[in-house]
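Enquirer: Dropping a prediction and its sequence here:
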Amino acid sequence: MMNDYTARKTMNIVLASMFSLILFSCAGPTNPFGGDVFISEEFSINGSSARQDVTLEVSPDRQYYNSPYDLTLKINDPKFQLDKFRYEVVYNNKRLNRWYQTEEVEAPKKKGDPIKVHFKNLSILPGNINKISFLYYPVGSKYPVTYKLRVPECYQDIKSNNLSISPFQVGSNLKNNIEMISEKYGYNASLVAALIAQESSFNPTALSFAKALGLTQVTPLAHHEINKYKPEWKIYPKFTALPYLNLKSKLYSNVINKKNDWRLDQEKSIEGGILYLNYLNQYWDSPEKMEILGAVFEDEIPKTDILLASYNSGAFRVKKSILKNKKDWLFDQSLNEARKYVMNIKSYCYAFNQGEENEK
């Protein structure tokens, strides 16, 4: 028999092991599918089903970072058998083993109907690496049919069709101005709207602690560059020197207004944000910078990502990270905020552009 000391020591080891298992295996915030999930061992997909008549569809068809959302996996299998139904979710190369079925499975109502799996309140965090795959195993097939949920994309010079800014409540006048001014400068209106959504949530008087102001959150430093294009545009005297709370008070009492600070004029704010993107474009289009980008990225330069990260954190910091980290530049610790910023804007942009049909 074990003595008391040995028994207590054994119990402590068991409890510590259980705690470690819960701590490191419970998904909680570490994966998008909730806290009732075990993350299993590394998992690799070694083959694919030969069944050409089986297809998987996911709606929405891209990852979405801006808020929790519902996602539906639709499985089209004419030979579906409910008693042999098997599917899996793989997140960052690890299979997720569910304790409880938190998702809802909707069986076909009649032959030929798809199987639907509804995931509620899916939370995908921007800034993380989120590799998500859905695997479905047809009856009699050793290997699965796989659907990889791609990241949202957004391109600066693609014309946006039928811009939608839901769920933001934006007036038609502001929406029209975004479309008109974006087209004037050859920018994707969905990208400009997404930048505004991220910067100010469409609040025309938004003020940050860094003293960025307006829809596109132009700082006094950025104003200096924009002023080269628009020398007649002025900002409130001594704006930079005034304390934040003092500025808030002056904005509230309308002492600072669109007549003495152009950033409060909605049309000028939109144009100013685009002009600052133009300045950043010129910075990165210089022969020296293009040589750096060409050496690192070769033919596929992520120009939109670089511009957005520069808008957020400064072009010099972005250049320094590219030189240091090459293609992993956006994962440098100094760009943690910029990485979330870029991913959020691309998510908004893709949603505003109403999905894949307008991406190309």
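Expert: Looks like it came in fine.

Enquirer: For residue 193, list the residues it contacts.
Expert: 163, 165, 175, 178, 348, 349, 352 (Cβ atoms under 8 Å, 6 or more residues apart in numbering). Glycine gets a C-beta too; all of them are placed from N, C-alpha and C.

Enquirer: What is the neighbour count of the last one?
Expert: I take that to be residue 352. Residue 352 sits with 26 neighbouring residues when counted by other Cβ atoms under 10 Å.

Enquirer: In three-state terms, label residue 329 for me.
Expert: Put simply, residue 329 is helix when judged by DSSP: H, G, I helix; E, B strand; the rest coil.

Enquirer: ok, it to residue 157 distance?
Expert: Distance, residue 329 to residue 157, using Cβ to Cβ, to the nearest Å: 22 Å.

Enquirer: Closest one of the contacts of residue 193 to residue 122?
Expert: If you rank those by distance to residue 122 using Cβ to Cβ, residue 348 comes first, at 16.8 Å.

Enquirer: contacting residues for that closest one?
Expert: 66, 193, 194, 197, 198.

Enquirer: Most neighbours among the residues you listed, which one?
Expert: In terms of neighbours by other Cβ under 10 Å, the contacts of residue 348 top out with residue 193 at 29 neighbours.

Enquirer: returning to what we had before: farthest pair in the contacts of residue 348?
Expert: Farthest-apart pair in those is 66 and 193; separation 12.8 Å (Cβ to Cβ).

Enquirer: returning to that earlier point: in helices, which of the contacts of residue 348 appear?
Expert: Mapping these onto helices (DSSP state H) picks out 193, 194, 197, 198.

Enquirer: Check the gap between the third one and residue 83 for me.
Expert: Note on residue 197: its distance to residue 83, by Cβ to Cβ, is 47 Å.

Enquirer: any low-confidence regions in the chain?
Expert: Residues of the chain meeting the criterion pLDDT under 70: 1-30, 35-41, 98-102, 161, 355-360.

Enquirer: can you give me the helices for it?
Expert: The residue ranges that make up the helices of the chain, judged by DSSP H, are 4-25, 172-185, 189-200, 220-226, 244-252, 266-285, 287-297, 303-313, 315-325, 336-352.

Enquirer: of all those, which gets the most neighbours per residue?
Expert: helix 189-200 (a mean of 26; mean count of other Cβ atoms under 10 Å).

Enquirer: what's the offset of that one from the middle of its chain?
Expert: Offset of helix 189-200 from its chain centre (Cα atoms, centre = their mean, to the nearest Å): 13 Å.

Enquirer: same question, stretch 185-195
Expert: The chain centroid and the centroid of stretch 185-195 are separated by 16 Å, computed with Cα atoms, centre = their mean.

Enquirer: same deal with stretch 341-356?
Expert: In terms of Cα atoms, centre = their mean, the gap separating the centre of stretch 341-356 from the centre of its chain is 7 Å.

Enquirer: right, and the helices of the chain - which one's nearest residue 108?
Expert: In this view, the helices of the chain are compared for proximity to residue 108 by Cβ to Cβ, and helix 336-352 is the closest at 29.7 Å.

Enquirer: Could I get the CA-only coordinates of that closest one as CSV?
Expert: What follows is helix 336-352, C-alpha atoms only, in CSV (Å, rounded to 0.1, in the frame of the first residue of the first chain):
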residue,chain,number,x,y,z
ASN,A,336,1.1,43.5,-34.3
GLU,A,337,-1.4,46.3,-34.4
ALA,A,338,-0.9,46.8,-38.1
ARG,A,339,-1.5,43.1,-38.8
LYS,A,340,-4.9,43.2,-37.1
TYR,A,341,-5.6,46.5,-38.9
VAL,A,342,-4.8,45.1,-42.4
MET,A,343,-6.8,41.9,-41.8
ASN,A,344,-9.8,43.9,-40.4
ILE,A,345,-9.9,46.2,-43.4
LYS,A,346,-9.6,43.4,-45.9
SER,A,347,-12.5,41.6,-44.1
TYR,A,348,-14.6,44.7,-44.3
CYS,A,349,-13.7,45.4,-47.9
TYR,A,350,-14.6,41.9,-49.0
ALA,A,351,-17.9,42.1,-47.2
PHE,A,352,-18.7,45.5,-48.6
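
Enquirer: the inter-axis angle of it versus helix 315-325?
Expert: Helix 336-352 and helix 315-325 meet at an angle of 100 degrees, taking axes from the mean of the first three to the mean of the last three Cα atoms, to 10 degrees as the criterion.

Enquirer: Now residue 235: closest residue in space, sequence neighbours ignored.
Expert: residue 261 (4.9 Å; Cβ to Cβ, 6 or more residues apart in numbering).

Enquirer: Contact partners for that neighbour?
Expert: Residue 261 makes contact with 213, 234, 235, 236, 239 under the criterion Cβ under 8 Å, 6+ apart.
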